[in-house]
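Visitor: Pasting the sequence and the predicted model now:
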Amino acid sequence: MTDLERNADVVYMTAYAPLFAHVEGWQWRPDLIWYDNLRMFKSCSYYVQQMYAANKGTNVLQMTMDKQPIAGQAGQDGLFASSVFDQNTNEVIIKVINTSRQPQPVSIQLLGIKGERMAQTITLSHHGMDDENTLDHPERITPKNGTLKLDVGKGSTLLLDDIPAMSFRLYEVKI
């Protein structure tokens, strides 16, 4: 999804398929919503799609690590990231995915943003590597809201955080 967002000038729409799967009759496991005859649960993929859709922004911002897009490349330790500015809410929205099995320290310099700031965070994470939502535990993995105080530097603000293993974190910073 970060690559889709980073290339928003050429990617106008995407669609996730398949959407629904009955727990007793399915062909593959990337489905967004699972159900039986009485209950349903949303997959982690559903929440990722929802977080991107609700925080799409109006302008894509450049985000690099060692002058390369943060796209799981060599030396990026399984990190993927993208950022946008939303003119409607006057926010910078940063999305970071840690695909590694280790927590990752993250340092993001927000150029041109000065003064003391707080970031609103939304995290999609789990407690065990085999965790997943099920009919009996439909909210085992759901987005959790939080806040993070940003460090103020000369001419910019610094976002310092530790991203849990195998997780997705979104930051919203008011300008």
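Guide: Looks like it arrived, so ask away. Fair warning: this is a prediction, and the values are worked out from it, not measured in the lab.
Visitor: Which of the helices and strands in this protein ranks last by mean pLDDT?
Guide: Within the chain, no helix or strand scores below helix 2-6, which has a mean of 79 by mean pLDDT, DSSP states H and E.
Visitor: Which elements pack onto it?
Guide: Where contact means 3 or more CB pairs under 8 Å, 6 or more residues apart in numbering; DSSP states H and E, helix 2-6 is packed against strand 79-86, strand 91-98. C-betas here are computed from N, CA, C, even on glycine.
Visitor: tell me the most buried of those?
Guide: strand 91-98 (a mean of 23; mean count of other CB atoms under 10 Å).
Visitor: per-residue confidence at the residue lying farthest from the centre of the chain?
Guide: Relative to the centre of the chain, and counting by CA atoms, centre = their mean, the farthest-placed residue is N37 at 31.4 Å. We have a pLDDT of 94 for N37.
Visitor: can you give me the mean pLDDT across the helix ranked longest in the chain?
Guide: If you go by DSSP state H, the chain has its longest helix at helix 44-54. Helix 44-54 comes out with an average pLDDT of 93.
Visitor: what about the strands in the protein?
Guide: Along the chain, counting by DSSP state E, strands occupy 20-22, 33-35, 40-42, 59-61, 64-65, 68-69, 79-86, 91-98, 104-111, 118-124, 144-149, 151-152, 156-163, 167-174.
Visitor: circling back: could you dump the helices and strands packed on helix 2-6 to a markdown table with mean pLDDT?
Guide: Formatted as a markdown table, these follow (pLDDT from 0 to 100):
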| stretch | mean pLDDT |
| --- | --- |
| strand 79-86 | 96 |
| strand 91-98 | 96 |
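Visitor: Make JSON lines out of these and add distance to L150.
Guide: As requested, the helices and strands packed on helix 2-6 are arranged in JSON lines below (distance: least, CB to CB, whole Å):
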{"stretch": "strand 79-86", "distance to L150": "14"}
{"stretch": "strand 91-98", "distance to L150": "11"}
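Visitor: For D130, find the nearest of the ones you listed.
Guide: strand 91-98 (17.5 Å; CB to CB).
Visitor: strands paired with the closest one, and their directions?
Guide: The sheet places strand 91-98 alongside strand 79-86 (antiparallel), strand 167-174 (antiparallel), with pairing taken from DSSP bridges.
Visitor: Turn the ones you listed into CSV, columns for distance to D151.
Guide: What follows is the strands paired with strand 91-98, written out as CSV (distance: least, CB to CB, whole Å):
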stretch, distance to D151
strand 79-86, 18
strand 167-174, 12
